[in-house]
Structures are given as structure tokens and as C-alpha cells.
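*Asks:* Task: produce atomic coordinates for the following.
(chains A and B)
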Amino acid sequence: MFHKVMVANRGAVAARVLRALKSLGIRSVAVYSEADAGLPYLALADETCAIGESDPRASYLNADRLLEVLRESGADGVHPGYGFLSENASFAERVMASGAGFIGPSPRWIAAMGHKTRARDLMAMHGMPMGKSSALLDEDEARTLAEAAGVGYPVLVKPAGGGGGIGMLPARNGEELLKAVAQARSLAQRSFGNAELYLERLVERPRHVEFQVLADRHGNVRHLFERDCSVQRRHQKVIEEAGAPRIPRAQLAETAATITGILAKLGYDVIGTVETLYDPAAGGFGFLEMNTRLQVEHAVTEEVTGIDLVASQVRLAWGERLDAVLPPEIAMNGHAVEARVYAEDPVRFFPSPGLLSTLELPQGEGIRVETGYAQGCRVTPFYDPMIAKVIARGATRSEAIARLDAALEATLVQGVKSNIPFVRQVLASPEFQAGDVHTGLGAEVLARAKAAALATA
Amino acid sequence: MARIEVKAEVTGKVWKILVPVGARVDADEPVMVVESMKMEIPVISEEGGTVVELRVGEGEAVEDGQVVAIVER
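*Replies:* Next up is the predicted model:
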């Protein structure tokens, strides 16, 4: 087993990984930028090392510096966490070339799944259900229009090399399409250094359902059920749950089995999440993309399966067999719902960095909290706005939702604005309560709240 | 001539100046983009006019409420 692992990440992510390493008896090295000196996660590590300035490009994204720390610390493994370099094939290759282990899939899988259209082609070739999509677009407007006609309007323009919703633009006709393509191309070039675009059929009121997989380096793959991550704002997830409500369990099981079958045939390894769009009208799944890393929302899967995903990931990366890491039978036990508490204006979703003058986090039956902060810490503008994840588990979905709402009511954030009012509005909405979730629900709830506020003003 | 102060609405770093000094900006058009917490937030000029002064450059830090540009109409 690894004897010392460097965690190439920060905050709540690093804290989660550091705890898992401790549970496995593995020594740890935490890294930190200037802005993060003194954050609580550093106390969980056996060793800490400053890696540079606050701007992530000078610290957490600085592969040269991280590899220097890896060498100097004598660590024999790197856990990239999620975000930053976790899906950077070149970083993974360099870690392995240094003689250390990369706690994630083989670099070839990171590269293969990082290119969205190639990943789609690969999965489609092996039988994964797909929504309709186009080939990569070129500069020719007539060919772009012909591709859109083939897919059928409405379409979604998507960057091939991107993620996080950046550069994704809808179009309902040819005129809108050409405008959207020009905008998306420029944004994709600036954001990802890759201007390649393609089109997907736009699903109305879609659901974002993803499947968690674990795999060993010996050809075995298993799934740990699904998560519904439909509630989003600006294409970023806000509320996630396991399992997915109002989709027949048999259909979910069938899709999960298709995914594990494909990944086993391909020889995928360690950990991954297959993201799909579920079309409630058509009642079918379509492949979106595959993330070759642990994800923020892994906690809801852990809560319903009782499996420690991070510890499992470390053991699988070391080369242990899946049947040694996981019990023979895994059932989904109860329901779990997670809310991401962000430092942001709950109405405009603008970031709200600042000093956390008060941070009171909830406790109680079925409640789990993960944070990288404590009261008195500064939430800086350099990194993502997440202050904490609050996860609630219950015997039923309604019990989990009620517990989460009570937990959020008991959460006190002062000094920065937080999205808690928005999350609670969504939780209380009749649609969410009924499991009628979709990616536009957050915006609908917000629009209703605004209209109600205007009516009473 | 009226001088209009354009203010940043978030604390962050200037990612890109979109309208240089001397150029025209329309009402509700972004003058620059501020990067904060992995988000790109436009800084909007509420009124149209000519940008006569930029008080920050690309890569510089700005505070919520800070005047970052002056527009004359």
C-alpha cells in the first residue's frame, strides 16, 4: 500500500481525502497556496507544504511545483481530489513517470474521456444510449446548418473540450444557431484553448442522472447506483440526491448494467462517473460525458451504500482487486440529499468572498457536513465558492429532505452572502417535494420567488 | 457632459477589458469582465457614452463597489 500520499488540492476536498488516508494508515502531505495558509484542512495532514501564490495557476494548477513537492516529500502517491489537475492526463503521466502512483484512472482514460466527442463515439460504439448529436462543426455555415437539421431543433451548441456549462448555448432556428456558434467558439477558445464545437439535441426539462463506477486494474467494474444532480444554477450542481426519484428502478439498473459492461470491456480502471441526460418525455437516457475522477457529490452515494469511495479509490489505484475492496452485495439503503452551500448572492448568484465572521454548521441524526472552513476564515475570490456540503440521509426521500431543510435552517453563515435561502426555496417547492426535478427547476423557483416578492411589494 | 462611474459588483481580478479608453459603450453593455471564484462576471455600464478613464488594468484586483471606469455622455 502507499506509504505517503500528497493531496494536490485544497479545502473541503483535501480534508475529505486526508481523512480517508488516515483511515487507511497512510501518511499524508497537504499543499497550500498563500491564500490558504492556516485553513483547517492543513491540521489533518502529517506534513504541509506551501506551493505558491494565491492564483491557482501559480499553485494548485502548477504541475511543476507540485511534482517538486512530490519528489522532496518522498510521497509515493498523488491524490488529485476533484477540480484543478484531477482530469489532466499530462499531470497524471508526469506523476507516474516520477515513480509515484496517480490515484485515479490511467492517463489514457483521462485523455480519452476528456475529449467529449471522442468519448461519445467510443461509448456509442459499444452500445451506450445516446441523444442525437452532430459531428464536429467546421467554419462553413451551410454545413453547420445542415448538421443542425440532421440533429433537429432545438439544439445545444457545446464545446468539445470543455465542461461546467461554459460555452453551452441553445438555438431554436438557423439564425440563432449561427449567432450561438460564433459566441460559443470564441468562449471555448478563450476558456479551454480549443474552439471545437458540436451540436446536441436539446432535451426539454431534462434530468441530470449520473452513475458511479468503481473498477480495478484487473478488468472488473461495478456500479454503486445513480445520483440525480438536476438542480443546478448556471449549469453548476446545487442539490444532489441518491437515488434518482421517479425513474423506474429496473430502468436505472439496466442502464447501470450497460455502463459497467462497456467499461469492463474497455478495461477502464479505478473510479469514474458516467453522466447522462434523462428525457422525462421520452423516458430514455442519453450519454453526456464521463468524469474520470471522484466528484463533489460522491457523499450521497456513500451515505446510501455505506461504501467509503475515497478509501476504495486509493486501494484500487494501488492495484487491489474489486472483490477485496467491496462487499459481495451492495444495496441502496434509504435516501440521501446533499446541498452545496456557496458564498454567493442567493438571487443573482454573484460570488460573495469575504470574512466568515460566523459559521455555525448543523449536527444531528442523519446529517453529515464537509467543509474546508471554520469561523474566522476568509473565503477568498481565488477558488470556487463552496463553503460546505450539507448531506442528509433518511429512511425515505421525504425524511432526507426534511432533515436537510432543518439542517440548513440551523446553518448560520455571516460575513459573506450564502445561497441557503435559494436552496431552501427549492427544497420546499412542490416540484422538488414530488421528485419532479429538472435542470430548469432552480430558475423556475427563483422566478416564482421574484414574482411573489414583487406582488407583495 | 455627465460623468458616470462604473463600479465592480464583486471582489475579484480583472480578467479582460472589453472597451478601451476612447471607445463607445452602450447602456447595459459590459466594459470589462471580473473573474471571481471561478466565475466570470461582467462589469456593466448602466448608461451609454465614451469610456474616458479605466482605473484598473487586466490582472489587477478589484473590490466590490470599487469604481473601475468612467464613462462620459
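*Asks:* low-confidence ranges in chain A?
*Replies:* Low-confidence segments of chain A, defined by pLDDT under 70: A:162-165, A:191.
*Asks:* For it, give the strand that spans the most residues.
*Replies:* Secondary structure assigned by DSSP state E gives strand A:221-233 as the longest strand of chain A.
*Asks:* Who are the packing partners of whichever helix or strand comes after that strand?
*Replies:* The helix or strand immediately downstream of strand A:221-233 is strand A:236-242, counting by DSSP states H and E. Under the contact criterion of 3 or more Cβ pairs under 8 Å, 6 or more residues apart in numbering or on different chains; DSSP states H and E, strand A:236-242 touches strand A:221-233, helix A:298-305, strand A:335-342, helix A:420-428. Just so you know, the C-beta spots here come from the backbone N, C-alpha and C atoms, and that holds for glycine as well.
*Asks:* Now render the ones you listed as CSV, adding mean neighbour count.
*Replies:* Formatted as CSV, the helices and strands packed on strand A:236-242 follow (neighbours: other Cβ atoms under 10 Å in any protein chain shown):
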stretch, mean neighbour count
strand A:221-233, 24
helix A:298-305, 24
strand A:335-342, 26
helix A:420-428, 19
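*Asks:* Let me know which of the ones you listed is the nearest to residue A:56.
*Replies:* Closest to residue A:56 of the helices and strands packed on strand A:236-242 is strand A:335-342 (Cβ to Cβ; 17.6 Å).
*Asks:* which element follows that closest one toward the C-terminus?
*Replies:* Once strand A:335-342 ends, the next helix or strand along the chain (criterion: DSSP H and E) is strand A:354-355.
*Asks:* in its sheet, what does that following strand sit against?
*Replies:* According to DSSP bridges, the neighbouring strands of strand A:354-355, each with its direction, are strand A:378-379 (antiparallel).
*Asks:* Contacts made by the strand it pairs with with the rest, please.
*Replies:* Residues outside strand A:378-379 that contact it (Cβ atoms under 8 Å, 6 or more residues apart in numbering or on different chains) are A:35, A:343, A:352, A:353, A:354, A:355, A:356, A:373, A:385, A:387, A:416.
*Asks:* which among the residues you listed gets closest to residue A:332?
*Replies:* The shortest gap between residue A:332 and any of those belongs to residue A:387, at 28.7 Å (Cβ to Cβ).
*Asks:* what about that closest one, distance to chain B?
*Replies:* When Cβ to the nearest Cβ, to the nearest Å is applied, the distance between residue A:387 and chain B equals 11 Å.
*Asks:* can you pull the contacts of residue A:168?
*Replies:* The contact partners of residue A:168, taken as Cβ under 8 Å, 6+ apart, are A:156, A:157, A:158, A:159, A:184, A:235.
*Asks:* quick one: the strands in the stretch 351-457 of chain A?
*Replies:* In the stretch 351-457 of chain A, the segments counted as strands under DSSP state E, counting those that start in this stretch are A:354-355, A:358-360, A:367-371, A:378-379, A:386-394, A:412-414.
*Asks:* which bits of chain B sit near chain A?
*Replies:* Within reach of chain A by Cβ under 8 Å from any Cβ of the partner chain, chain B has these residues: B:9, B:10, B:11, B:12, B:13, B:35, B:36, B:37, B:38, B:39, B:41.
*Asks:* For these, give me JSON lines that also has neighbour count and secondary structure.
*Replies:* Listed next are the residues of chain B next to chain A as JSON lines, based on neighbours: other Cβ atoms under 10 Å in any protein chain shown; DSSP: H, G, I helix; E, B strand; the rest coil:
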{"residue": "B:9", "neighbour count": "19", "secondary structure": "coil"}
{"residue": "B:10", "neighbour count": "23", "secondary structure": "coil"}
{"residue": "B:11", "neighbour count": "20", "secondary structure": "coil"}
{"residue": "B:12", "neighbour count": "26", "secondary structure": "strand"}
{"residue": "B:13", "neighbour count": "17", "secondary structure": "strand"}
{"residue": "B:35", "neighbour count": "19", "secondary structure": "strand"}
{"residue": "B:36", "neighbour count": "25", "secondary structure": "strand"}
{"residue": "B:37", "neighbour count": "23", "secondary structure": "coil"}
{"residue": "B:38", "neighbour count": "15", "secondary structure": "coil"}
{"residue": "B:39", "neighbour count": "19", "secondary structure": "strand"}
{"residue": "B:41", "neighbour count": "21", "secondary structure": "strand"}
